[in-house]
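Chemist: dropping a prediction and its sequence here:
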Amino acid sequence: MAVYVQFLIDVLSLGSLYALMALGLVIVYGILKLVNFAYGELIMVAGYSLFLLGGTPLPWLVMAAIAVLMAIGAGIATEYAAFRPVRSKSVTAVLITSFAFSTLLQNAALLFISPRARTVPLPDIFSDTVVLGGATIPLRNILTIVAAAIMLAIFSFIMKKTILGLAMRAAATRFTMARMLGIPANLVITSAFALSGLLAGVVSLFWLGRIGSVVPGIGLEPLLVAFIATVIGGMRSLQGAVVGGFLLALIVTTFNYSLPPELLKFRDAFTFSLVILILLWRPDGLIKGPATGQRT
């Protein structure tokens, strides 16, 4: 019984992080039809913000809130610096600019902070454990599930019940038509990047809670995870991003539990092989999003 409870909590906690990562990526893709390859650096910015605030007497929740705000600011800066000047140009130009901005942020961390891993301040609750169904569960996993549920509920409310959310959904479906109907394009795009930064900032807190330190390249794995999850779930579907995140977590956790120790180092190879099989079956992803208009 204990092992099943442990497995379920592991899937839900990891899936919660993967789902939030995927949402942060797909919300920008849905409007611009472009992948933000600087997305992982938003997590890095939040991590280093938390590290730099570690020497201050501020309560941890205040430091966490500032770190999330820094991620939001970095998301907006990404839109202004890497996307807005070239988004009406070719796709290649936008992708190169996105990569360049990502590299710029990484090198800034290398130059001004350190290439070595830096320990971030974490409250004791991140190292506490609870006994549930006979299994000893890290409390941070429970917190991750609760925080993700709250974020998903807030995100759903914004997208379905607010004017901004309706404008973003309209822009994701028919961007040119939405602009012709008077929806302010720049505001919608900036809001999408801000929401992406918010999700990345929250993910950063719990991602760092698992590893305890931040390095300049910390954003690469979350970026790959988010991209794979969105491809599995459907690049144009917000629901698909969530489904893809939890499915990817289920695959990864299943291999963690089932593979013998000598094969664990090949876990990623098994994971990607299964992802390929899923895409051969559903090349557009598990959940097909709405028809989209031309990128602009």
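Modeler: Received, thanks.
Chemist: for this structure, what's the longest helix?
Modeler: Using DSSP state H to define each element, the chain has its longest helix at helix 2-32.
Chemist: packing partners for it?
Modeler: In terms of contacts (3 or more Cβ pairs under 8 Å, 6 or more residues apart in numbering; DSSP states H and E), helix 2-32 is packed against helix 39-52, strand 135-138, helix 139-161, helix 163-173, helix 185-211, helix 220-233, helix 238-258. The C-beta positions use only the backbone N, C-alpha and C, and glycine is treated the same way.
Chemist: show me what the mean pLDDT comes to for it.
Modeler: Averaged across helix 2-32, pLDDT comes to 90.
Chemist: stretch 64-80 now?
Modeler: For stretch 64-80, mean pLDDT is 94.
Chemist: got the CA coordinates for it in PDB?
Modeler: Provided in PDB are the C-alpha atoms of stretch 64-80 (Å, rounded to 0.1, in the frame of the first residue of the first chain):
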ATOM      1  CA  ALA A  64       9.700  34.100  -2.700                       C
ATOM      2  CA  ALA A  65       7.200  36.800  -3.800                       C
ATOM      3  CA  ILE A  66      10.000  39.100  -5.000                       C
ATOM      4  CA  ALA A  67      11.600  36.200  -6.900                       C
ATOM      5  CA  VAL A  68       8.300  35.500  -8.600                       C
ATOM      6  CA  LEU A  69       8.000  39.200  -9.500                       C
ATOM      7  CA  MET A  70      11.500  39.100 -10.900                       C
ATOM      8  CA  ALA A  71      10.500  36.200 -13.100                       C
ATOM      9  CA  ILE A  72       7.400  38.100 -14.300                       C
ATOM     10  CA  GLY A  73       9.600  41.100 -15.100                       C
ATOM     11  CA  ALA A  74      12.000  38.900 -17.000                       C
ATOM     12  CA  GLY A  75       9.100  37.500 -19.000                       C
ATOM     13  CA  ILE A  76       8.000  41.000 -20.000                       C
ATOM     14  CA  ALA A  77      11.600  41.900 -20.800                       C
ATOM     15  CA  THR A  78      11.800  38.900 -23.000                       C
ATOM     16  CA  GLU A  79       8.800  40.100 -25.000                       C
ATOM     17  CA  TYR A  80      10.200  43.700 -25.300                       C
END
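Chemist: which residues touch it?
Modeler: The contact list for stretch 64-80, computed with Cβ atoms under 8 Å, 6 or more residues apart in numbering, reads 36, 38, 41-43, 45-47, 49-50, 53, 58, 98, 101, 105, 189-190, 193-198, 200-202, 204-205.
Chemist: those residues, buried ones only, as a PyMOL selection?
Modeler: Here is the PyMOL command that selects only those of these that count as buried (16 or more other Cβ atoms under 10 Å):
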select buried, resi 36+38+41+42+43+45+46+47+49+50+53+98+101+105+189+190+193+194+195+196+197+198+200+201+202+204+205
